[in-house]
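Visitor: here's my sequence, what's the structure:
(2 chains)
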Amino acid sequence: MRNDSPIAREFMETGLCGRCPVIDMHGHYGPFRGIYLPKPWADGMLETMDRSGVCCIVCSSHSSLADPERGNREMAQVVRDHPGRFYAYRTVNPNYPEQLKDEVARFPEDAGFVGFKFHPSGHSYPITGDNYVPALEYADERRLLLLSHTWGFSEHDGPSLLGQVADTYPNVTFLMGHSGYGEWEAALAVAQERANVYLELTAASRVSGIITRMVGEVGSEKIVFGTDLPWFDPHFGIGSVCFSRISDEDRHNILHRNAERLLAPFRARQEG
Amino acid sequence: MRAKPLGGVLSRAADLLEEMDFCGVDEGLVYHVAMQAESPQAGNRLVLEETRGQPRLHATWAILPPQTGELGTVEGFLAGMREHDVRALWAHPEEHRYLLNAITFGSLLEEVAARRIPLFVGPQWEMVTALLADFPDLTLVVAGHGNWGDDRFFRPLVERYPRLHLDTSNYQLAGGLADFVGRYGPARLLYASGAPDLQMGAALLTLAGCDMPSEAKEAIADGNLRRLLAEERL
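Guide: Residues are numbered from 1 along each chain as shown, chains lettered A, B, ... in the order given. All right, here's what the predicted structure looks like:
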């Protein structure tokens, strides 16, 4: 192959790259209704991560999307069982505003949680809606991360809607899950214009040319890697990064450096 | 709806070959985007023009119902494949608005099955199931499955129909390749890039890095397709 990236060559030859670890900022946990997942539990996910050089992952359990109280409790146990390998987002469901407030109140109970997970499309509730406000205010006060599902042209979580919320809560770091898949121009503009919005690559990475365009227009400092694991094989997304027409410095930024920077305060808190 | 490629459509053979070289892909079965998006009449001609003199690129053609005569007679169509060394076929029943079944395609697909010509289709599983019931010996390759993991659809068909194959262009399922090979062996899987819609290196590293013996990876990377093409009796 003519790709002269040492990172790409090492991944192709060994499946992982010692000099370029990977941090997955968009994971889940457990089985899910519409898909056969060969390795949905922690041990299997760790096997997958080890094969592809993923040193740690930040997850929200599938159960938490339906039942946040049960699912977040499940995720907290996984984080306790595998410190340093699993971190978590606390999922909230805006359709049950009282339960959402309870979940926000429980946030400090569990070490290893780095912020909130929103899934506006899955919950059929707009990210701009009032029911999300308690979680957003809490995250803003404490400078937490917030991973939101986003999808192009969605009335619930299209990229411009996330941009509106990001403007209101400047201390929250928003990870635009799937990078507003399909509405690329708007998604890239939202990330490019706001310091507190990052593009996240789950599913988006497969689209031919999109990573090269993201790096050119937004910069590799504003892109984080993700896979939806236990859904998508990390090698699929890593392959997209490795074979995009970008530099190895960009690959380092996307695959681990940006995530290391974002996770640093939470790791220090956990270790302290 | 398929994603619109952003990196520039690989509309010229030179562009495609440059991308293949960058990623380390030696050869490929190729289609012209016009075969699907415009018409098989235009696309089947264009793919020959683009691949002429390019020994690494092997042309495919798209089919249409024989009853309308748009691609000539069945005999003439097959003779054209032989003349131009067209090695496989594509069917796009949704885009080209036909039913891919024995009523419509009996005369053509009986020949295609008997001659073991690979036919590529998208992951429309009800159609695939009905098609295989009509033509159980058809060498069928389902391409592009995988966003949501289609194993629940295709595993029953793999167990019933020995000539059913799957491409890996969008088989993103974590551990999916190794899990499938552990149960069924590697013979039914064909490496594909999905370019220009999909990033060419994605499926490549997924195969290179998966947990299976190197012989199995080599079979998926090229051995299985070479075997299928060697079995073809055009």
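
Visitor: need the contact list for A:P31.
Guide: Shown in contact with A:P31 (Cβ atoms under 8 Å, 6 or more residues apart in numbering or on different chains): A:37, A:40, A:62. Any C-beta I mention is one placed from the backbone N, CA and C, and that applies to glycine too.

Visitor: off-centre distance for the lengthiest strand in chain A?
Guide: If you go by DSSP state E, chain A has its longest strand at strand A:173-181. Relative to the centre of its chain, strand A:173-181 is centred 8 Å away, using Cα atoms, centre = their mean, to the nearest Å.

Visitor: need the CA coordinates for it. PDB is fine.
Guide: Extracted in PDB, the C-alpha atoms of strand A:173-181 (Å, rounded to 0.1, in the frame of the first residue of the first chain):
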ATOM      1  CA  THR A 173     -18.400  20.100  26.400                       C
ATOM      2  CA  PHE A 174     -20.800  18.700  23.800                       C
ATOM      3  CA  LEU A 175     -19.900  15.600  21.800                       C
ATOM      4  CA  MET A 176     -22.000  15.500  18.700                       C
ATOM      5  CA  GLY A 177     -22.700  11.800  18.400                       C
ATOM      6  CA  HIS A 178     -22.500  10.600  14.800                       C
ATOM      7  CA  SER A 179     -21.500  14.200  13.800                       C
ATOM      8  CA  GLY A 180     -25.100  14.900  12.700                       C
ATOM      9  CA  TYR A 181     -24.900  12.200  10.200                       C
END
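
Visitor: strand partners (parallel or antiparallel) of that strand?
Guide: In the sheet, strand A:173-181 lines up against strand A:145-151 (parallel), strand A:197-200 (parallel) (DSSP bridges).

Visitor: tell me the buried residues in the lowest-mean-pLDDT helix or strand in chain B?
Guide: Least confident helix or strand of chain B, by mean pLDDT, DSSP states H and E, is helix B:33-37 with a mean of 92. Applying a neighbour-count criterion of 16 or more other Cβ atoms under 10 Å in any protein chain shown, one finds B:33-36 buried in helix B:33-37.

Visitor: give me the helices and strands touching the helix or strand bottoming out on mean pLDDT in chain A, please.
Guide: Every helix and strand of chain A was ranked by mean pLDDT, DSSP H and E. The lowest is helix A:258-271, at a mean of 91. Applying 3 or more Cβ pairs under 8 Å, 6 or more residues apart in numbering or on different chains; DSSP states H and E, one finds that helix A:258-271 makes contact with strand A:22-27, strand A:113-118, strand A:223-224.

Visitor: and the closest residue to B:L29 other than its chain neighbours, what are its phi and psi?
Guide: Residue nearest to B:L29 in three dimensions, not counting chain neighbours: B:H58, with 5.0 Å by Cβ to Cβ, 6 or more residues apart in numbering or on different chains. The phi and psi values for B:H58, taken as degrees, to the nearest 10, are phi -110, psi 120.

Visitor: wait, isn't B:H58 in contact with B:M81?
Guide: No - counting by Cβ atoms under 8 Å, B:H58 stays clear of B:M81, with 11.7 Å between them.

Visitor: more neighbours: the two, which one.
Guide: Neighbours were counted for B:H58 and for B:M81 using other Cβ atoms under 10 Å in any protein chain shown; B:M81 has more, 22 against 18.

Visitor: contacting residues around residue 177?
Guide: Here I'm looking at chain A. Applying Cβ under 8 Å, 6+ apart, the residues near A:G177 are A:26, A:147-150, A:200, A:202, A:226.

Visitor: should've been chain B
Guide: Counted by Cβ under 8 Å, 6+ apart, B:L177 has contacts A:233, B:168, B:171, B:189, B:206-207, B:210, B:212, B:220.

Visitor: assumed it was part of a helix.
Guide: Yes - according to DSSP: H, G, I helix; E, B strand; the rest coil, B:L177 belongs to a helix.

Visitor: re earlier: so after the longest strand of chain A, what's the next helix or strand?
Guide: Scanning forward in sequence from strand A:173-181 by DSSP states H and E, the next helix or strand is helix A:184-193.

Visitor: near chain A, which residues of chain B?
Guide: B:3, B:5-8, B:21-24, B:147-149, B:151-152, B:170, B:172-179, B:195-206, B:208-211 (Cβ under 8 Å from any Cβ of the partner chain).

Visitor: give me the below-cutoff pLDDT ranges for the chain.
Guide: As the question left the chain open, I've gone with chain A. Along chain A, the model assigns pLDDT under 70 to residues A:272.

Visitor: oops, chain B please
Guide: Looking along chain B with the criterion set at pLDDT under 70, you get B:1-9.

Visitor: quick one: the helices in it?
Guide: Assigned by DSSP state H, chain B shows helices spanning B:13-23, B:33-37, B:40-51, B:74-84, B:93-96, B:102-114, B:125-134, B:151-160, B:176-184, B:200-208, B:214-218, B:224-231.

Visitor: for these, give me CSV that also has distance to B:P66.
Guide: What follows is these, written out as CSV (distance: least, Cβ to Cβ, whole Å):
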stretch, distance to B:P66
helix B:13-23, 30
helix B:33-37, 17
helix B:40-51, 12
helix B:74-84, 5
helix B:93-96, 13
helix B:102-114, 5
helix B:125-134, 15
helix B:151-160, 26
helix B:176-184, 34
helix B:200-208, 34
helix B:214-218, 38
helix B:224-231, 24
